[in-house]
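[1] sequence first, then the predicted structure:
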Amino acid sequence: MSGDGLDGSSVIVTGGGAGIGRAAVLRFAVEGARVVVADLDADRAATVVGEVAAAGGTAVAAVGDLGEQSVVDRVVAAAVDAFGTVDVLVNNAGIMDGMTALADVTDEEWERVLRINLTAPFLLSRAVLPHMLAQGAGAIVNTASEASLRGSAAGAAYTAAKHGVVGLTKSLAVMYRDAGIRANAIAPGGTRTSIDLRPSTGTGPAALAPYLAGVGRVAEAQEQAAAIVFLASPAASNINGVVLPVDNGWSAV
């Protein structure tokens, strides 16, 4: 990674085919980074790779379900094969729950939400660490959530998973700071993406509705991407273990 910026760095962005992930890929590419666009949807990933190429940047796609170790291995191998190493990992891929209250959460919903939102970042972080340790530098940026800061922004499974992302971030920061590796997270508030943040029926949404009213202005994906790229960059060289709300003050209400 360049000491002056992200030019030439090797970056993995999960969930890179849409929403915050796509915006982050495009912003990293503008900064001169070479990006692996990891996404479940092959068409979306290919489209974003094409957007980067059309703008004069470099990107490759890696497709699959990040809850599977074999896919995680393939994503990391794509970065190493194409760009030589991994300088930055952005664990952004995630799925929403049904805003489900705990008594109504099924085993299937719990296991799927935790697998994608928490286990996948763990698997990916574990997979890139040998490369970062070998070069004595690296940055991991996780997408947490407003739901990682409070119990009133999502259902039980999503809230538990995103609280886990915060714990994972802080553990990484403490364990690897002396090895030159930083780990931070953003905590987005309401953001204009394809994920529906406000289901209208069910026990959970009914209980959460008064709290969700405080969301305020809905952010654009580009605003979240700007925070991700900053935390990944040398401009944030002494920022480690931080969970940065990007929520227009929702967390301050």
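    Ah, there it is.

[2] and the next element down the chain from the helix or strand encompassing Ala62?
    According to DSSP states H and E, Ala62 maps onto strand 58-63. Sequence-wise, the next helix or strand downstream of strand 58-63 (DSSP H and E) is helix 69-83.

[3] quick check: mean pLDDT across the very next helix or strand once past that following helix?
    Next helix or strand after helix 69-83 toward the C-terminus (DSSP H and E): strand 88-91. Across strand 88-91, pLDDT averages out at 98.

[4] what sits up against the strand holding Ala62?
    12, 25, 29, 34-42, 45-46, 48-49, 52-53, 71, 74-75, 78-79, 82 (C-beta atoms under 8 Å, 6 or more residues apart in numbering). No exception for glycine: its C-beta is placed from N, CA and C like everyone else's.

[5] that's a helix at Lys162, yeah?
    Yes - with DSSP: H, G, I helix; E, B strand; the rest coil as the criterion, Lys162 is assigned to a helix.

[6] who's in contact with the residue nearest to the spatial centre of the chain?
    Residue closest to the mean C-alpha point of the chain, counted by C-alpha atoms, centre = their mean, is Asn92 at 1.8 Å. Each residue near Asn92 by C-beta under 8 Å, 6+ apart is listed here: Val13, Thr14, Gly15, Gly16, Ile20, Gly21, Ala24, Asn142, Thr143, Ile228.

[7] just to revisit the earlier point, got the angle for the strand holding Ala62 vs helix 69-83?
    Interaxial angle of strand 58-63 relative to helix 69-83 (axes from the mean of the first three to the mean of the last three C-alpha atoms, to 10 degrees): 160 degrees.

[8] which parts of this protein are helices?
    19-30, 42-54, 69-83, 107-114, 120-135, 156-176, 203-212, 221-232 (DSSP state H).

[9] so which of those helices is nearest Ala101?
    helix 203-212 (4.3 Å; C-beta to C-beta).

[10] mean confidence score for the closest one?
    The model assigns helix 203-212 a mean pLDDT of 68.

[11] any stretches of the chain with poor pLDDT?
    Applying pLDDT under 70 to the chain flags the ranges 1-4, 194-202, 205, 208-209, 211-215.

[12] can you rerun that using 80?
    For the chain, residues meeting the criterion pLDDT under 80 lie at 1-4, 190-219, 250.

[13] and for Ser70, the neighbour number?
    9 (other C-beta atoms under 10 Å).
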